[in-house]
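Participant: fold the following.
(one chain, ligands or ions: 1)
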Amino acid sequence: MTASIEIAPYRLRPLRLSDGADIHRLVNDWSVVRMLSHLPFPYPRELADRWIGSTIQRQSAGQAWHFGICDDKALIGCIGVSLDAPGRAARIGYWLGRAHWGRGIATLCVTRIVAWAFETLPASQILADVAQDNPASIALLRRLGFSEAGRTTIAFLSRGGEPCPVLTMSLARSGFSSVAARLGTVSAETSADHDPGMTPRPTGPATATAMPAASGAGTVPDGIATKRPASAAPRILLVVAAVLVDRENRVLIARRPPGKPLAGLWEFPGGKVEHNESPEQALIRELHEELGVDLSAGCIAPLTFVSENSGGRHLLMPLFICRRWRHDPVGREGQELAWVSPEALHAYPMPNPDRPLIPLLQELLSG
Ligand SMILES: Nc1nc2c([nH]c(=O)n2[C@@H]2O[C@H](COP(=O)(O)OP(=O)(O)OP(=O)(O)O)[C@@H](O)[C@H]2O)c(=O)[nH]1
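Facilitator: Here you go, the predicted structure:
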């Protein structure tokens, strides 16, 4: 049995079967799961249990070691290392629950686990796979002495199987001394992560063989604290949208007309919430203006929401679902409309914030 590793005020301890509910709650979050290649989104509860079972087996077989990252109250993330078959390289992976980003925890844990791996395993190098759209993780690994060893493309299950460019970063045992030096200087109080940064592959409570993915976020070399400047907070753009679902379980999308920003992309009908309007009122107004449909007597239910930085502002978009309305939708602003099965949505270019909604709709509406 692997012992726990103390990195006060946190603790890395072997995973237990009873961690399933916590892991599921933390990982079934788009911001976390989108950086993990082997996990579907939404993330079914039973996969968390299955993954923990497989990690325990792999540890007994001397193939991989997974730790729950715990604070004084609960499990807040996972970190793990697996050995490649010949035992020459180890792969690291990790993730942290969203509420725990920005406190230097990722840096602290990655640093400690790299040291543990070099002390304990026969590996001559440690590898980490990081999505190229995860610059904070890449930055963290670079600060710990990792350098780029290759580029590849991995199909991210979490992003509906979309092929995503990934960097493989590596740290040789000979570079370990710089990590060890940092161990003495980096503490949770003196470093700051910008996000949880994760590496897609070696982790993820997703599938039986994956391990909790990894890697981190901006930290600070030499133990100097940094904080995100308050002025960086983006302006919130509150937009409301609806998934109208017909009897054949197809959803309605509309093409942004020429002259509007993002013209030509397909989106869920809706628009900006005005002052003194509730999201529901805005939705009823927008769909009447845009499509001529009347949702007022129908049933609109909150489905999910999008929360994403894009182009210097922060889009916050409650998404409702509706199966009953009055009047057939027509493009009253000249926009093209399409009724599309969830499986076919990938064929319609959509704004980036909408793309994670596709696997969610597929899971909800298909078969
Ligand atoms: N309606 C809608 N807007 C979306 C979606 N996804 C997404 O990123 N957006 C963004 O949310 C914003 C909505 O603004 P809009 O210009 O359509 O709003 P609006 O209907 O009030 O238009 P207006 O400003 O011309 O009056 C756009 O920046 C759009 O790109 C979506 O699925 N539906």
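
Participant: CA only for contacts and neighbour counts going forward, please
Facilitator: Noted.

Participant: in terms of secondary structure, what does the helix or strand harbouring residue 307 contact?
Facilitator: Here residue 307, judged by DSSP states H and E, is contained in strand 300-310. Here strand 300-310 is seen to pack against strand 313-322 when contacts are counted using 3 or more CA pairs under 8 Å, 6 or more residues apart in numbering; DSSP states H and E.

Participant: and the next element down the chain from the strand it packs on?
Facilitator: strand 337-340.

Participant: give the buried residues for that next one.
Facilitator: Applying a neighbour-count criterion of 16 or more other CA atoms under 10 Å, one finds 337, 339, 340 buried in strand 337-340.

Participant: which of the residues you listed lies closest to the ligand?
Facilitator: Using CA to the nearest ligand atom, residue 337 is the member of the buried residues of strand 337-340 that lies nearest the ligand, at 12.7 Å.

Participant: which residues does the closest one contact?
Facilitator: Contact partners of residue 337, counting by CA atoms under 8 Å, 6 or more residues apart in numbering, are 252, 253, 254, 255, 330, 331.

Participant: got the contact list for the third one?
Facilitator: Taking CA under 8 Å, 6+ apart as the criterion, residue 254 is in contact with 266, 267, 268, 269, 331, 335, 336, 337, 338.

Participant: same check on the first one?
Facilitator: Contacts for residue 252 (CA under 8 Å, 6+ apart) come out as 243, 244, 245, 268, 269, 337, 338, 339, 340.

Participant: let me have these in TSV, extended by pLDDT.
Facilitator: Converted to TSV, these look like this (pLDDT from 0 to 100):
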residue	pLDDT
243	96
244	96
245	95
268	98
269	98
337	98
338	98
339	98
340	97
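
Participant: can you redo those as TSV with distance to residue 303?
Facilitator: Output for these, formatted as TSV (distance: CA to CA, whole Å):
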residue	distance to residue 303
243	9
244	11
245	12
268	13
269	14
337	21
338	21
339	19
340	18
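
Participant: of those residues, which fall within the contact range of the ligand?
Facilitator: 268, 269 (CA under 6 Å from any ligand atom).

Participant: and the nearest residue to residue 64 once chain neighbours are set aside, how many neighbours does it have?
Facilitator: Excluding the flanking residues, the one nearest residue 64 by CA to CA, 6 or more residues apart in numbering is residue 82, at 3.9 Å. Residue 82: 28 surrounding residues under other CA atoms under 10 Å.

Participant: doesn't residue 82 fall inside a strand?
Facilitator: Yes: applying DSSP: H, G, I helix; E, B strand; the rest coil, one finds residue 82 inside a strand.

Participant: does it touch residue 61 like I think?
Facilitator: No: between residue 82 and residue 61 there is no contact under CA atoms under 8 Å: 11.0 Å.

Participant: using the record's assignment, carve this structure into domains.
Facilitator: 5-226, 234-365 (automatic domain parsing).

Participant: list the contacts for residue 30?
Facilitator: 41, 356.

Participant: what are the phi and psi values at it?
Facilitator: phi -50, psi -40 (degrees, to the nearest 10).

Participant: how far away is it from residue 40?
Facilitator: To residue 40, residue 30 is 10 Å away according to CA to CA, to the nearest Å.

Participant: burial of the closest residue to residue 125 other than its chain neighbours, as a residue count?
Facilitator: Distances taken as CA to CA, 6+ apart put residue 172 closest to residue 125, at 4.2 Å, once the chain neighbours are dropped. Neighbours of residue 172 under the rule other CA under 10 Å: 16.

Participant: so residue 172 touches residue 118, yeah?
Facilitator: No: contact criterion CA under 8 Å: residue 172 and residue 118 do not qualify, at 9.5 Å.
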